[in-house]
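just need the structure, nothing else, for what follows:
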Amino acid sequence: MLRVRELPLPESHYVSRLTRTTRDATVRTRAMIVLHSMQGFSPPKIARMVYWSPAWVRRVIRDFNRLGTAALYPNRAGGRPPTFTKPIRQKLVDLALSRPRDHGMPLQTWSLERLKTAAIHEGIVESISEERLREILHEEAVSFQAVKTWKKSNDPKFDSKVRRLRTLTNREHNPPIVVAADEMGPLSLKPYGGRTWARSGHPDRVRATYKKTLGTRYRFGMYDYYHDQMDGFLSPSKHTRVWRRFLRFVRAHYPQGGRIDPINDNLSTHWTESARATARALRITMVPTPTNASEYNPIEAHFGELKDRGLTASDYPSWRHLAAAVHPAIDYRNRNASPKVHRVKRRLWVRH
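Reported below is the predicted structural model:
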């Protein structure tokens, strides 16, 4: 009866460990054949145990007796060479990231069909399906995306304005009164959609409108940066007189005095002579953000939160009802705020 040769102790331990640790099914089965042969089982018996043919079991045993543990590892062939090699894949990526006009096509963007046609026409590939082309681009981290715009500030004083904003908003102790201010809108008195929980197949619905006859409003908002508090009011316009009223509204929240630094944008109504005079009289030093750089105004991120809390899935019949719903939402937000500085010398504003 064919049996495996006598194994030294280290070699037998190695074969036994392979049966438990290897992830290769072929290597595991060959190691099991060797162990079963060591235990005295015949090749036909081993074949029934590992579900291989007796001829293959005998071949494994003979190879192991001749080559040792190297016989446990199959010498696999390399397989068919890839149809789309790395250079070809890179050319497909370069083609997808280029403009069609650079390749003589009077188009602005690529589709999979256009990419396929251009790749074959330029000799990058002889043939390729659209699905395989999509898979290659996906594997190379190239996806079909929406074109987005971006803004770049052309303000000649950009650096100095940003430094001033960072100085105001990076105080850890005894911070100044920093208020971010802006207008949200125009807002229409209309049903607002959104997302909410509902029964499957029975979504919450709001009416559709085709004529909006009740005008628009702007929400003048203020945001205390260090205490994480919001407030504001609705106005039918953004006129300078409304901005002056808003400055008085801000000062009323800090009746104990102290200079206020409101961060606001470069809207012309904010910087008229009458608005500047009102600010000086109220001890308010307006801090401008760089031109075309609204992201430096901290209140911008909270206007979206305000819309979600007060306008999502709503249908207010009048501006009075809208204001009556938005103010409690702001109060709820303020009660659950997270101040950026835990110890401050000044008091929170007093509601009037």
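
can you tell me which residues contact residue 279?
By Cβ atoms under 8 Å, 6 or more residues apart in numbering, the residues touching residue 279 are 247, 285, 286. In short, each C-beta sits where N, CA and C put it, glycine included.

just to check, the last one is in contact with residue 260?
No. Contact status for residue 286 versus residue 260: not in contact, 9.2 Å apart, counting by Cβ atoms under 8 Å.

just want to know which of the two has more residues nearby.
Using other Cβ atoms under 10 Å, the more surrounded residue of residue 286 and residue 260 is residue 260, with 24 against 17.

so what sits opposite that one in the bridge?
Taking DSSP bridges as the rule, residue 260 bridges to residue 177, residue 284.

that one against residue 249, yeah?
No. Residue 260 lies out of contact with residue 249 (Cβ under 8 Å); the separation is 11.5 Å.

give me the domain ranges for the chain.
What the record gives for the chain is the domain set 9-72, 86-139, 158-196+214-335, from automatic domain parsing.

redo the ones you listed as TSV? Include mean pLDDT and distance to residue 148.
TSV is the format used below for these (pLDDT from 0 to 100; distance: least, Cβ to Cβ, whole Å):
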stretch	mean pLDDT	distance to residue 148
domain 9-72	91	44
domain 86-139	92	14
domain 158-196+214-335	90	14
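
can I get those domains in JSON lines with distance to residue 149?
JSON lines is the format used below for the domains of the chain (distance: least, Cβ to Cβ, whole Å):
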{"stretch": "domain 9-72", "distance to residue 149": "49"}
{"stretch": "domain 86-139", "distance to residue 149": "15"}
{"stretch": "domain 158-196+214-335", "distance to residue 149": "12"}
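
residues contacting the residue positioned nearest the centre of the chain?
Geometric centre of the chain, nearest residue: residue 145, 13.9 Å, by Cα atoms, centre = their mean. By Cβ under 8 Å, 6+ apart, no residues touch residue 145.

host element of it?
Counting by DSSP states H and E, residue 145 is held by no secondary-structure element, helix or strand.

next one: it relative to residue 227, how far apart?
Separation of residue 145 from residue 227 (Cβ to Cβ, to the nearest Å): 39 Å.

all helices for the stretch 1-150 of the chain, in order.
Counting by DSSP state H, counting those that start in this stretch, the stretch 1-150 of the chain has helices at residues 9-21, 25-38, 43-50, 54-67, 86-97, 112-121, 130-139.
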